[in-house]
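# pasting the structure only:
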């Protein structure tokens, strides 16, 4: 996994609550059996005026000029900001793969849905939970100046704004450690293989029907 | 110390405590489908890893499969076919049990698991699918995971998890006739909101929950995730134990008594403390209909579409305005005056035998309304389909002008050919009314099977209790 320490970037503002993973990456793209290549289809239904599938070249489609991803001022932004309950709905990790493939390294919101939140940490995309007023403050800065750059500093657990304000955020120490060091969680767990085997032996004796 | 049901299951599955609120938790059952697993199998291959315990896994293709009878000849869409072929190949390569598309036991993974006895009380159950919460109906800790966690589960039979907070949702008293588990679960989401359960595991309790059949409890827990809770739970009782008996993966006869003794402990202690408690009165719950693009945008069938102008919170008002524009609805329209184009009875929420019986009871001797272009009934599994046919339900639907299909996820998320066209409005027994969920530009109203059937007959929403 890609390590995450610090990102300095302008911000794409997506002013919606309850952005669900169907909106982040629609179902027709889940038919891909790869982990990459989802970026051109991120927010597909909002981003294009005509429908798409895996077989249609996105370069031939009509972008929706009203949608924020198509606003040239936000091109190249590595941070997305949205409202409450970002990533709700389907467990599809393709949503995180699409954000990552597009170039977003972090998403800021007042709250995230649990499965999306946990999927982010497996892919080096940092979900940053801030207070609703803090999120509002960033929206105001970005709306006033699309070029405004913020800093997300994971080791310090803070978001620094161009006007000098600093918003602290909380993160599980286990998640932080793995993100900062870009660790492979499966490899780490397999180091506890003896503990897993010991658990299984004890459990098999207590509740053998679980192993039928 | 008094424990909640969640505490009991968690404690029984701790392999190692990390000391920071997270633990390595053992996973008893891993259900696998074709959409969220191919990249996980690729990850195993790339790293030269093998599944940790083969018989913990059970696989079935459900999202991409056609529901038309010609599927015996294979899947026409080459991309869908490739995904199902990948599951077949991965299961064959590693030796994982799979019910293939034309196996009579194939169906939606959340219908198949319980039906096979692969979901048992007290288990930890995961699947790369958010509606894994369904299995909590059995007093099992069951939740959806992403593909990286699918790979982690395959490789280690464990997950690193942070312990959740606990919420008790108690539905007091008894619901009236015509009010179902779907209406209870939608009413709960209407009360707590789609993020109300975020960070929690919910336990459902109260007389109205005890009254529910196992099918009803599965419908209830299925939508825990739509209220933000990764898992829902119902305590084990005699109905749970009776359901779990005599299925292919059930405890063997010599294991049965010990299993039952264990399962009888699977309830919260009377003085257990929850982090949050929500109470509803069952008698206040009417048949529910969603009007917006989030399951929390829901109300009783007797209500009107709400007016965003009455909403004080600007973020919520903006969300309501966007939802009504997408849904093509005017504020203050009576729900019963909304005409529909299609009916979908199916999905992991409502495709079990009891759901099909309830819908059939409404349509029996009636005809689909002329303005309804398509009313489709998609059983949750091949075994549900056979059972329904043995009861003559297929004929009831066909005589009313409804279509009777092969099992799969179908138009719940429209990954196969079953979908809404832009602007079409559907009375659907599925779980998500998100924009374009059932087809790009499609408009979804979530209802119970009886309410969907009634809308198909009337051509618009109607209180099933008045039929």
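That came in fine, so what should we check first? Just so it is clear, the model here is predicted, and its values are computed rather than measured. Residues are numbered from 1 along each chain as shown, chains lettered A, B, ... in the order given.

# Return the per-residue confidence for residue B:315.
Note for residue B:315: predicted pLDDT of 86.

# in the helix or strand hosting it, what counts as buried?
Per DSSP states H and E: residue B:315 is located in helix B:314-327. The neighbour-count check on helix B:314-327 (16 or more other Cβ atoms under 10 Å in any protein chain shown) flags B:315, B:318-320, B:322-324, B:326-327 as buried. Using the backbone N, CA and C atoms, a C-beta is placed for each residue, glycine as well.

# Check stretch B:258-274 too.
Buried-residue list, stretch B:258-274, by 16+ other Cβ under 10 Å: B:259, B:262-263, B:266-268, B:272, B:274.

# Same question for stretch B:73-93.
Buried, per 16+ other Cβ under 10 Å, within stretch B:73-93: B:75, B:77, B:79-87, B:90-91.

# mind listing the strands for chain A?
Using DSSP state E, the strands found in chain A span residues A:6-9, A:11-13, A:79-81, A:106-109, A:126-129, A:150-153, A:158-160, A:166-168.

# before we move on, what about the stretch 301-450 of chain B?
Counting by DSSP state E, counting those that start in this stretch, the stretch 301-450 of chain B has strands at residues B:342-345, B:374-377, B:403-404, B:425-428, B:443-446.

# need those strands in CSV with mean pLDDT, can you?
Output for the strands of the stretch 301-450 of chain B, formatted as CSV (pLDDT from 0 to 100):
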stretch, mean pLDDT
strand B:342-345, 98
strand B:374-377, 98
strand B:403-404, 98
strand B:425-428, 98
strand B:443-446, 98
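
# Between the ones you listed, which one is closest to residue B:2.
Evaluated over the strands of the stretch 301-450 of chain B, closeness to residue B:2 peaks at strand B:443-446, with 36.5 Å, by Cβ to Cβ.

# Can you give me the buried ones in the closest one?
B:443-446.

# how about the nearest residue to residue A:36, chain neighbours excluded?
Spatial nearest neighbour of residue A:36, chain neighbours left out: residue A:101 (6.0 Å); criterion: Cβ to Cβ, 6 or more residues apart in numbering or on different chains.

# unless I'm mixing things up, that neighbour is touching residue A:42, no?
Yes - using Cβ atoms under 8 Å, residue A:101 is in contact with residue A:42, at 7.4 Å.

# For the stretch 151-300 of chain B, which residue gets nearest to chain A?
Using Cβ to the nearest Cβ, the single residue of the stretch 151-300 of chain B nearest to chain A is residue B:251, 3.6 Å away.

# Would you agree that residue falls within a strand?
No - per DSSP: H, G, I helix; E, B strand; the rest coil, residue B:251 lies outside any strand segment and is coil.

# Contact partners for it?
When contacts are counted by Cβ atoms under 8 Å, 6 or more residues apart in numbering or on different chains, residue B:251 touches A:209, A:212, B:120, B:244, B:258-259.

# Go again with 10 Å.
A:207-210, A:212, B:117, B:120, B:244-245, B:257-260, B:262-263 (Cβ atoms under 10 Å, 6 or more residues apart in numbering or on different chains).

# picking up where we left off before, out of the buried residues of stretch B:258-274, which sit inside helices?
Those of those mapping onto helices are B:259, B:262-263, per DSSP state H.

# circling back: how much space between the residue of the stretch 151-300 of chain B closest to chain A and residue A:20?
39 Å (Cβ to Cβ, to the nearest Å).

# Quick check: buried residues in the longest strand along chain B?
If you go by DSSP E, chain B has its longest strand at strand B:165-172. Within strand B:165-172, the residues scored as buried using 16+ other Cβ under 10 Å are B:166-171.

# now stretch A:135-154
Buried residues in stretch A:135-154, counted by 16+ other Cβ under 10 Å: A:135, A:137-139, A:141-142, A:146, A:149-152, A:154.

# Please report phi then psi for residue B:144.
Torsion angles at residue B:144 (phi, psi; degrees, to the nearest 10) stand at phi -80, psi 150.

# and it, bridged to which residues?
Legend: beta-bridge partners of residue B:144 under DSSP bridges are residue B:127.

# where does chain A have low pLDDT?
Scanning chain A for pLDDT under 70 picks out nothing.

# just so I have it, where are all the helices in it?
A:21-24, A:44-47, A:94-102, A:114-121, A:132-144, A:173-181, A:185-190, A:193-206.

# Report the separation between the closest residue to residue B:320 other than its chain neighbours and residue B:152.
Excluding the flanking residues, the one nearest residue B:320 by Cβ to Cβ, 6+ apart is residue B:308, at 4.0 Å. Separation of residue B:308 from residue B:152 (Cβ to Cβ) stands at 43 Å.

# Neighbour count: the two, which is higher?
A count of neighbours by other Cβ atoms under 10 Å in any protein chain shown puts residue B:152 above the other of residue B:308 and residue B:152, at 25 against 17.

# a helix runs through that one, doesn't it?
Yes - checked against three-state DSSP, residue B:152 lies within a helix.

# neighbours of the closest residue to residue B:181 other than its chain neighbours, just the number please.
Distances taken as Cβ to Cβ, 6+ apart place residue B:216 nearest to residue B:181, at 3.5 Å, with adjacent residues excluded. Residue B:216 has 23 neighbours, counted by other Cβ under 10 Å.

# Over to the one 3 residues further on?
The tally of other residues near residue B:219 (other Cβ under 10 Å) stands at 31.

# How about the contacts made by residue B:285?
Residues near residue B:285 by Cβ under 10 Å, 6+ apart: B:171, B:173, B:175-176, B:179-180, B:183-184, B:186-188, B:190, B:208, B:300.

# if you look at the longest helix seen in chain B, does any of it touch chain A?
Criterion DSSP H: the longest helix present in chain B is helix B:78-94. Yes - judged by Cβ under 10 Å from any Cβ of the partner chain, helix B:78-94 and chain A are in contact via B:78-87, B:90.
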